[in-house]
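[1] How does the following fold in three dimensions:
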Amino acid sequence: MAINPKDITWDEISIQDVTWDEPVATTQKIKPTKAKYSVADIPQAAVMNAPQDVANIASGLANVVSSPIQTMDNLIKLSSGMLSKALPESVMKYADKNKRKEAEQVADTVIQSYKDSYGSKEDIKRTLAERPVSALLDVSTVLGGGGALLKGAGKAGQTGNIITKTGEALSQAGNYTNPITGGIKAIQYSAPKIGSAVANVVDYLGTHTGAEAIKQAAKAGFTGNKETFLKNLRGDVSFTEVVDQAKTNLETIASAKREAYKAGMVNVAKDKTILEFAPIDKSFEDVSKVVKYKDIVKNDAAKAVYDKISGEVNAWKNLNPTEYHTPEGFDALKQRIGSVVEQIPLDEKTAKTVGNTLYNSVKNSIVKQAPSYANVMKDYAEATDLIKEIERSLSLGKQASVDTSLRKLQSIMRNNVNTNYGGRTELAKQLMQQGGTDIMPALAGQALSSAFPRGLAGAGLGAGTALGAGLVGGIPLGLATAAIQSPYLVGQTALRTGQLAKGIKQTLGTNAAQQAYPYLYQLNRTDPQGLLSE
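    This is a model prediction of the structure:
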């Protein structure tokens, strides 16, 4: 049956007919319910709550550090309050009552904080589950503080030594349980790896300069070589300047080689053993077969070198053996032969081989008959080989052009092209370590000096990627994409990142700072309401 809306009537309600219930007065304070944890629940809860706990600790430390005056005031009140509670009333009755009351209130706040955290088994389990990092800081504070007291109390004698060693052990345990120290070490270990991965990604997607250049830019900021990097990045110095630096390093290595040789030869000079020429004669006999077939000369240039060196050796044989046939005397003969070999043109390969073979025969004869000389020559030979390899791989020899040298040096940064990158990089590291001047900041600055990705393909791809990002994500994303494709901007950013990392390490990473963190954290207990930050 249909209902006609016109037939519906409504009763009128008078405002006087409305009554309100009176609120129930109560003075009972509702306490928040505290969670309870079994021992088995603690590990999972601790993992879940650790991030928030770390955030709270960081906030508390920031409050303490950013309000030094209030922090110092609270520290004084805390010390005074603890002292007031420890000393008898007969002593404290002379103290200012208002100041004493304020100090004891601060002390009571800290004491209550510890009671809430560790007052019962349930409180301990709750603290471990909900504030695991804070619990470690508390343990570190107790161990470190107790260790410091025991080390200070230790005196001379057996008992004093035991007390001191116990204090040292407790202090060490305090360091091990300090979660901030562990966290900083974890960051120091992982940061280079993360930075390397980021550099590889940015280079692949954007700069196309080689990830090594980005890494070295960050390193320049961290180590303080920013001036060299920036001058090359901005083009304020000639790019060929790095070639001069590399050659100076090479000369430093050569100079060190000569000095080490001279120092080693001091002991060799004391060896007055008369050496035999027989091994050298045997080498001449073998080499003669290279330059002649029976009575026919096979190579005129090689024969000339053979005769020249043979004449030098025969003349040496006729000299006074006690002066010239000693290890030091044979070394002089070797150098005489070396001067002959150095004059042989590079294109006379057979003659060069003959000269080197006879030179080495004299050297090997000394090494076999004089052990002290063997040690000197081993180091000398290794240094000589290193210099020759650097000259060859990086084109730093006297005959190489500056342009060739520069291209070889700059190729160190380009680990994403077909170059002998690995070998050149290792040689460059040795060149810097033994030469004394770091050339990497200059090379990184040069590699990142362009505003656009390297190469036509890189520039075209970069522009297209930035445009595509702008169409999809809007102007902000387009600009961000363009920024990571600019070697110049990426270089500046990497440099600033390195400087920031250096600042963090200098302020937060020192041993003194890490040992102070637990105590600074405890000071935050004097201000549980966060008043320091107001």
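[2] pull the helix or strand with minimum mean pLDDT from this protein.
    Counting by mean pLDDT, DSSP states H and E, the weakest-scoring helix or strand in the chain turns out to be helix 455-473, with a mean of 45.
[3] Quick one: name whatever helix or strand follows the helix or strand containing A260.
    Per DSSP states H and E, A260 falls inside helix 241-270. Where DSSP H and E defines the elements, the next helix or strand beyond helix 241-270 is helix 278-291.
[4] Give me the contact list for that next one.
    Helix 278-291 has contacts (Cβ atoms under 8 Å, 6 or more residues apart in numbering) with 297-299, 302-303, 306, 310, 313, 350, 353-354, 357-358, 361-362, 364-365, 368. Yep, even glycine has a C-beta here, placed from its N, CA and C like the rest.
[5] From those, list just the buried residues.
    299, 302-303, 306, 313, 350, 353-354, 357-358, 361-362, 364-365 (16 or more other Cβ atoms under 10 Å).
[6] Mind putting those into TSV with distance to E259?
    Below are those laid out as TSV (distance: Cβ to Cβ, whole Å):
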residue	distance to E259
N299	39
A302	35
K303	38
Y306	34
V313	29
T350	35
T353	31
V354	32
T357	29
L358	28
S361	27
V362	23
N364	24
S365	25
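[7] Which one of those residues is nearest to K378?
    N364 (12.2 Å; Cβ to Cβ).
[8] What sits closest to that closest one if chain neighbours are left out?
    P279 (7.1 Å; Cβ to Cβ, 6 or more residues apart in numbering).
[9] Quick check, pLDDT for that neighbour.
    Looking at P279, its pLDDT is 89.
[10] what about it, how many neighbours?
    Residues lying near P279 (other Cβ atoms under 10 Å) number 15.
[11] try S38
    9.
[12] Tell me how many other residues surround A220.
    28.
[13] Number the chain from 51, please
    Got it, first residue is 51 now, which makes that one A270.
[14] In contact with it: list those residues for me.
    Contact analysis of A270 by Cβ under 8 Å, 6+ apart lists K276, T278, F279, M490, P491, A494, G495, L545, G548.
[15] ditto for D173
    Taking Cβ under 8 Å, 6+ apart, one finds K165, D166, S167 in contact with D173.
[16] any idea how far R474 is from the second one?
    With distances taken as Cβ to Cβ, to the nearest Å, D166 is found 63 Å from R474.
[17] Looking at the two now, which is surrounded by more residues?
    R474 (20 against 14).
[18] Just list what the helix or strand where the more buried one lies packs against, helices and strands only.
    In the assignment (DSSP H and E), R474 maps to helix 471-485. Contact analysis of helix 471-485 by 3 or more Cβ pairs under 8 Å, 6 or more residues apart in numbering; DSSP states H and E lists helix 291-320, helix 421-443 as its packing neighbours.
[19] for G379, helix, strand, or coil?
    helix (DSSP: H, G, I helix; E, B strand; the rest coil).
[20] can you pull the contacts of it?
    Residues in contact with G379 (Cβ under 8 Å, 6+ apart) are L325, W366, L369, E373.
[21] which among the residues you listed gets closest to D286?
    The closest of those, once distances to D286 are taken by Cβ to Cβ, is W366, at 56.7 Å.
[22] Quick check: the closest one touching D381?
    No - the criterion here is Cβ atoms under 8 Å, and W366 misses it with D381 at 11.6 Å.
[23] If burial is judged by neighbour count, which of the contacts of G379 pass?
    For the contacts of G379, buried by 16+ other Cβ under 10 Å: L325, W366.
[24] Can you lay out the contacts of G379 as JSON lines showing secondary structure?
    Below are these laid out as JSON lines (three-state DSSP):
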{"residue": "L325", "secondary structure": "coil"}
{"residue": "W366", "secondary structure": "helix"}
{"residue": "L369", "secondary structure": "coil"}
{"residue": "E373", "secondary structure": "helix"}
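[25] follow-up on the earlier one: following element in sequence after the helix holding R474, please.
    That would be, after helix 471-485 and using DSSP H and E, helix 490-497.
[26] Please list the residues outside that following helix that contact it.
    Taking Cβ under 8 Å, 6+ apart as the rule, helix 490-497 contacts 259-260, 262-264, 266-267, 269-270, 275-276, 278-284, 289, 291-292, 295, 459-460, 462-464, 478, 482, 537, 541.
[27] Which of those residues fall within helices?
    Within those, residues falling in helices by DSSP state H are 262-264, 266-267, 269-270, 276, 278-284, 291-292, 295, 459-460, 478, 482, 537, 541.
[28] and T454, what is it in contact with?
    S445.
[29] isn't there a strand covering it?
    No - checked against three-state DSSP, T454 lies outside a strand; its state is helix.
[30] And it, how far from R386?
    Taking Cβ to Cβ, one finds T454 at 33 Å from R386.
[31] do you know which of the helices and strands packed on helix 471-485 lies nearest S134?
    Closest approach to S134 among these (Cβ to Cβ): helix 291-320, 66.6 Å.
[32] what angle do that closest one and helix 421-443 make?
    170 degrees (axes from the mean of the first three to the mean of the last three Cα atoms, to 10 degrees).
[33] Which elements pack onto helix 291-320?
    Judged by 3+ Cβ pairs under 8 Å, 6+ apart, helix 291-320 is in contact with helix 377-392, helix 421-443, helix 452-460, helix 471-485, helix 490-497.
[34] Run a quick neighbour tally on the nearest residue to M482 once chain neighbours are set aside.
    Of all residues not flanking M482 in the chain, D488 sits nearest, at 5.1 Å (Cβ to Cβ, 6+ apart). The local packing of D488 (other Cβ under 10 Å) involves 21 other residues.
[35] same deal with A478?
    Applying other Cβ under 10 Å, we find 24 residues neighbouring A478.
[36] neighbours around the nearest residue in space to it that is not next to it in sequence, how many?
    Nearest in space to A478, with sequence neighbours left out and distances taken as Cβ to Cβ, 6+ apart, is I462 at 5.2 Å. Neighbour count for I462, taken as other Cβ under 10 Å: 26.
[37] give the contact list for I462.
    Shown in contact with I462 (Cβ under 8 Å, 6+ apart): E262, Y471, R474, T475, A478, M490, L493.
[38] pLDDT wise, what is it at?
    Here the pLDDT value assigned to I462 is 82.
[39] backbone phi and psi for Y343, please?
    The phi/psi pair for Y343 (degrees, to the nearest 10) reads phi -120, psi 110.
[40] quick one: contacts for it?
    By Cβ under 8 Å, 6+ apart, no residues touch Y343.
[41] low-scoring stretches of the stretch 251-400 of the chain, by residue?
    Along the stretch 251-400 of the chain, segments meeting pLDDT under 70 span 251-258.
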